[in-house]
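*Asks:* My questions concern the predicted model and sequence given below.
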Amino acid sequence: MKFTLSWLKDHIDLINCNDNINTISETLTSLGLEVEGIVDPSERLKGFKVGCIKEYFQHPNADKLSICNVDIGNETVEVICGANNLVKGMRVVFAPVGITIPENNEKLKKTKIRGVVSNGMLCSERELCISDDHDGIIELTKESTVGSEASRFLNSIDPVFEIAITPNRQDCLGVRGIARDLSAKGLGDFKTLDIKKVDGEFKSPIDVVINNAAKNKCYVFFGRYIKGVTNTESPKWLKDRLISIGLKPISALVDITNYITFDLGRPLHVFDSNKIEGNLYIKISSNGEKITALNDKVYELNDSTTIISDKKKVLSLGGIIGGKESGAQIHTKNIFIESALFDPITVAKSGRHYGIESDARYRFERGVDPNSAELGIEIASKMIIDICGGNPSQIVKAGKVPNENKKILIYPQKVNKYLGMTVSSDLVREILVKLGFNIKIHNSGFEVDVPSWRSDIQGEADIIEEISRVNGYDKIPILPFRAEPKLKRSKIIESLNVRNKARKILVNRGFNECISWSFMSNKHSKYFSNDQIELLNPISKELDVMRPSIIPNLIEASKRNFDRGADQISLFEIGPIFDKKLPLKQSNVLTLVRAGIKHKRNWDQKKSEYSVYDIKADIIDLLKLFNFEIDKLPVDQQVIDWFHPGRSAIIKDFKKNKLVSFGEVHPKILGKMDVGFPLIAADIFIDNFTTNDKQVSREPFIPSDFPSVSRDFSFIVDKSVSAQDLILPLKKSNISSIKEVLIFDIFQNDSIDKDKKSIAISVILEPSKKTFTESEIEKICRKIIKIANHSSGAELRK
Amino acid sequence: MNELNKIEEFIIEQLEKADSEYLIEKIRVYALGKKGKITQIMRSLSGMSIDERKSFGKEINNLKSKISELINAKRLLIQSVDLEKKLKSESLDLTLPINLESNGNIHPVSQVFQEVSLIFSDMGFDIAEGPDIEDDWHNFTALNIPPEHPARQMHDTFYIKKENDFDSETAEVLRTHTSPVQVRTMLQTKPPINIIVPGRTYRSDSDQTHTPMFHQVEGLVIDEKSHMGHLKGCLVEFVKKFFNIEKINYRFRPSYFPFTEPSAEMDIGCVREGNKIELGGDKNWLEILGCGMVNPVVLENCGVDSRKYQGFAFGMGIDRIAMLKYGMSDLRSFFDSDLRWLKHFGFSQFDFPPDSRRRSF
């Protein structure tokens, strides 16, 4: 919302602020009318001085130039000027050497013009960007003080304010509403609106009918026929105002309606009544009806738009936009003015449906003051007749102005309890009255009548806001806040702690945390889920489904990094995945990927690429730090769709909750995603983790003083037997002295059967009560061989 | 006697010449071995008279210990010379570069949320979370944003595709703010409520300062007495601690949010030059968060008696305050996973703030 200082002063007598732009600006912001920008033309005119032409004479070498002796206060300078309106004693705008001329943004230089030096310049309005006038130099009034800033005496210099209006303050979508707020804050006296009614001279030939179906879509419609207008260019003051707020003047009839929209927040429409056949009907559109609107676009209507039509055609979309054909043109002679009140919700729905943004829609969907409908027709009539002439009819009215007459009770104690400060009853009364509320004592508080223009005020809290914003938020005290926390730590904090611990572990292992979109492309997500959740209105095709897995996003991130030259990629993300099958449609997952080389090239390390064992190490380390008994959790090698069928596995906890799935990403998927390097990944289901607080008393420490011994076994097993088949039963066995089982060699060669392989293990035994005797060790070894044989068919190698 | 002297002289001479442990050992065997010279002489003692044995015995014993000392001394000398030689040959080029196990980085959003959460947890706040996919009621209606409310147009909402026709009443949306978690919390918990809510939020928007996904943190306090003075105190404390500027300039100015009344926005002072923003100072204002007293309509929608309870709420962009504090200029880079950016703006695990100081009981 834009307006100028002089426009504002139409509605308020500013006092106590000396028209100071900063004071006004700060006051507006403190009221919640946030100033987004001020264009103060006097800023760019700083340094231009009032001069007085003492005398002037013809330039000796140029017919059209004069040499002027200009008094600029502390001295008299010689200036060359080409204007033809020079008068002795004239007050002029003097530009000293070195100043920037607004018209061309160039610095003024001391120049010799046809042999004579000019020590500055006398300015026209165009040179100062005040107007297009370049017929002569500016003549200031005789009262202008020679030597002082010229901008003080230039009356067309009007600062423009631009403020952001929050959706609740439709009353400030007119300059008058802004003035009312400023006056409540004490910046001046709010002026009464001077309404001069024009008397109708005859009965309107056009009547208005609101159809039953439209009764709650258009509450009231005031119309007036004016015969014999002369639509012209608007007067200068009107054009200047519209230009100053960025509107283009079109013709007096159009400009007047625009002006009233911005002056009073009251949208209006003017029909060329010669284009109206019969009466006006306000009704609900039917499917397929068409209208060419003022924006030159053709709209095919749905069956729920409020329209204004005559007996044959649609003339306008009520409260949104007028029709091109029936709009006022420059040659329009007879007009019909519309000042109506439309239902905000219907206007908003239709406006959105057709994608039409208009000043009328903007105001109606926020709720225009019901009482302004009648006011609007009177003010518009007067302005039109003043500017365009014509003979007015009597006013036609259909429907009824809704009378809400909202009353709210407000108690000062409640105000104080809400704001944490005491606001006196007198102050409450003063503020509300200045804002236009009627106020009556009621018990220990007040009964407040909400003015018709404040449809946003619904209850006590809204009134408290009015009081506090006018009184000033800066007056509210600053008190320390301490909540009384509940004693029990929430599940969420526990889960956040798990995530934070995982973060620290992974960063320590060299992973970089990233955050990728919660969405992704359906093209890739289908490899990861059959129950993906699609977006109705995605921002792009690449982001059209909710991700059922983080892996594809990290694959793409890896690719981007690879393309940028990274050769060592370790990324993780903790975040939600989405799938219709998940209990709450989403769960938190920690996803890891690694790709590229394990180490930077270095003299003491061999070049090697990340393999699935590296991510297994990451996982095992993580599980261990979360206190899982990793020695006893089986790695369940199985086929997972998006992984290499022979290189993927899952790990579950003892309760069969899935903890991890990991593997090498399927080459086919990498191919589809245009990734040319292998990539390993893991999903870690951290919702199944707990931090297992270690800040508790531990088991007593009883070290064994007896030496441990180790025994090596070389087993022959079937090729299909996994390492785990052999060693997990030993770890889980009842041989309590087994401390560790290590695999130190695996091989297959010609010395053993084709379908077999050799696995060599080392078992470390630790006695608890006394040193092992040879026969005890012998006994344990036999048991180990037996268990191995039993669980995996292992035979000792001969 | 003479013979002993001869032996002694000979051994000493040989010892002096010896330059390896091997030779020393040979000398030892020659002198003190089972068949060594001195050993043999000592054996011959048994055939002597008691007096002879006494005097000669003493002499031979002295010789034995002297020789054995000399041998030991020489051996140590040679060992140390040998060691020195060996060490010299083992010298390494310690200027060779070392490959450090590379440390990764924590994303600035995680870091900043942890900083925020620690400050609020010290004030007694708990943490709550909620789903990213919300229904229309929790995201809008319960928060006093009815279907055609103009405020809904400030949120460019993503909708979830349904099998049947679209119906705004039953629509599912990607939450446009973290505020629906306020609603969920009030419906589930009796006051007093003190929570902050972090999370991903979504709006259909994309440019240098807007991305279709971003992060918010929300705060909610509901009890019988917390008022706007507390709201101001709480946020001023937060801003000072978070930006680590004791004398930060700030202002609260009236604004509008459907779910709070009165509503305010908080600005902090800064100095803006071109694209660079320096916090502190008072030349310009920078909006950092929205807040207000919870609208009684919202309380009632969530089953809280608005005659008895009141409270405040606030919300801010985590990414945005991260940018202000740490100087990133483009929000989009937060979600690009560029390793170079992550290393530049990320944090080591050792600089990660501790978990909430609140303990469970």
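*Replies:* Okay, I see it. Please read all numbers here as calculations on a predicted model, not as lab measurements.
*Asks:* Just give me the neighbour total for residue A:565.
*Replies:* Using other CB atoms under 10 Å in any protein chain shown, residue A:565 has 8 neighbouring residues. All C-beta atoms are positioned from the backbone trio N, CA, C, and that covers glycine.
*Asks:* quick one, phi/psi of it?
*Replies:* Residue A:565 adopts backbone torsions of phi 110, psi 0, taken as degrees, to the nearest 10.
*Asks:* any idea how far residue A:596 is from it?
*Replies:* Distance, residue A:565 to residue A:596, using CB to CB, to the nearest Å: 11 Å.
*Asks:* ok, now residue A:710?
*Replies:* Separation of residue A:710 from residue A:596 (CB to CB) stands at 37 Å.
*Asks:* quick one, which of those two is more surrounded?
*Replies:* residue A:596 (17 against 12).
*Asks:* For the strand or helix carrying the more buried one, which strands pair with it and how are they oriented?
*Replies:* Assessed by DSSP states H and E, residue A:596 sits inside strand A:586-596. Partners of strand A:586-596 in the sheet, by DSSP bridges, are strand A:568-578 (antiparallel), strand A:680-684 (antiparallel).
*Asks:* winner for burial among these?
*Replies:* Most buried of the strands paired with strand A:586-596 by mean neighbour count (mean count of other CB atoms under 10 Å in any protein chain shown) is strand A:680-684; its value is a mean of 26.
*Asks:* Contacts for it next, please.
*Replies:* Residues from elsewhere that reach strand A:680-684 (CB atoms under 8 Å, 6 or more residues apart in numbering or on different chains): A:502, A:549-551, A:554-555, A:589-595, A:610-612, A:614-615, A:618-619, A:622, A:643, A:659-665.
*Asks:* roughly how far is the next helix-or-strand element following that strand from the heart of the chain?
*Replies:* Downstream of strand A:680-684, the first helix or strand assigned by DSSP H and E is strand A:709-718. Chain-centre distance of strand A:709-718: 66 Å, with CA atoms, centre = their mean, to the nearest Å.
*Asks:* One more: stretch A:353-362?
*Replies:* 20 Å.
*Asks:* quick one: it near chain B?
*Replies:* No: Stretch A:353-362 stays out of contact with chain B when judged by CB under 8 Å from any CB of the partner chain, the minimum separation being 8.7 Å.
*Asks:* Quick one: mean pLDDT over that stretch.
*Replies:* Stretch A:353-362 carries an average pLDDT of 93.
*Asks:* Equivalent analysis for stretch A:322-336, please.
*Replies:* In the prediction, stretch A:322-336 has an average pLDDT of 93.
*Asks:* Also stretch B:186-200?
*Replies:* Per-residue scores along stretch B:186-200 average to 94.
*Asks:* mind giving me the domain split of the chain?
*Replies:* Because you didn't say which chain, this covers chain A. A:2-40+A:159-190, A:43-153, A:208-399, A:407-475, A:491-688, A:709-796 (automatic domain parsing).
*Asks:* Not quite, go with chain B.
*Replies:* If you go by automatic domain parsing, chain B breaks into B:2-89, B:108-351.
*Asks:* highest average neighbour count across those domains?
*Replies:* Mean neighbour counts for these (mean count of other CB under 10 Å) peak at domain B:108-351, with a mean of 19.
*Asks:* can you tell me the distance between the two ends of that one?
*Replies:* Terminal residues of domain B:108-351 lie 11 Å apart, using CA to CA, to the nearest Å.
*Asks:* Check which helices and strands the helix-or-strand element of chain A with minimal mean pLDDT sits against.
*Replies:* In chain A, no helix or strand scores lower on mean pLDDT, DSSP states H and E than helix A:41-44, which sits at a mean of 78. For helix A:41-44, there is no helix or strand it packs on, judged by 3 or more CB pairs under 8 Å, 6 or more residues apart in numbering or on different chains; DSSP states H and E.
*Asks:* Could I get the CA-only coordinates of that helix as PDB?
*Replies:* Taking only C-alpha atoms (Å, rounded to 0.1, in the frame of the first residue of the first chain), the coordinates of helix A:41-44 have been written out as PDB:
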ATOM      1  CA  PRO A  41      12.300  13.200  -3.500                       C
ATOM      2  CA  SER A  42      13.800  15.900  -1.300                       C
ATOM      3  CA  GLU A  43      16.700  13.500  -0.600                       C
ATOM      4  CA  ARG A  44      17.800  13.700  -4.200                       C
END
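*Asks:* before we move on, back to that, I'd like the domains of chain B written out as JSON lines, with distance to residue A:358 added.
*Replies:* Output for those, formatted as JSON lines (distance: least, CB to CB, whole Å):
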{"stretch": "domain B:2-89", "distance to residue A:358": "91"}
{"stretch": "domain B:108-351", "distance to residue A:358": "14"}
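*Asks:* returning to what we had before: the domains of chain A: which one's closest to residue B:228?
*Replies:* domain A:407-475 (5.0 Å; CB to CB).
*Asks:* measure the closest one end to end?
*Replies:* Taking CA to CA as the criterion, the two ends of domain A:407-475 lie 27 Å apart.
*Asks:* If you average the pLDDT over that domain, what comes out?
*Replies:* Here the average pLDDT along domain A:407-475 is 93.
*Asks:* Centre of the chain to it, how far?
*Replies:* Using CA atoms, centre = their mean, the offset of domain A:407-475 from its chain centre is 31 Å.
*Asks:* ok, back up a step: can you list which of the contacts of strand A:680-684 are found in helices?
*Replies:* A:502, A:551, A:554-555, A:612, A:614-615, A:618-619, A:622 (DSSP state H).
*Asks:* number of nearby residues for the closest residue to residue A:369 other than its chain neighbours?
*Replies:* Leaving aside its chain neighbours, residue A:369 sits nearest to residue A:453 (3.8 Å; criterion: CB to CB, 6 or more residues apart in numbering or on different chains). Look at residue A:453: counted by other CB under 10 Å, it has 25 neighbours.
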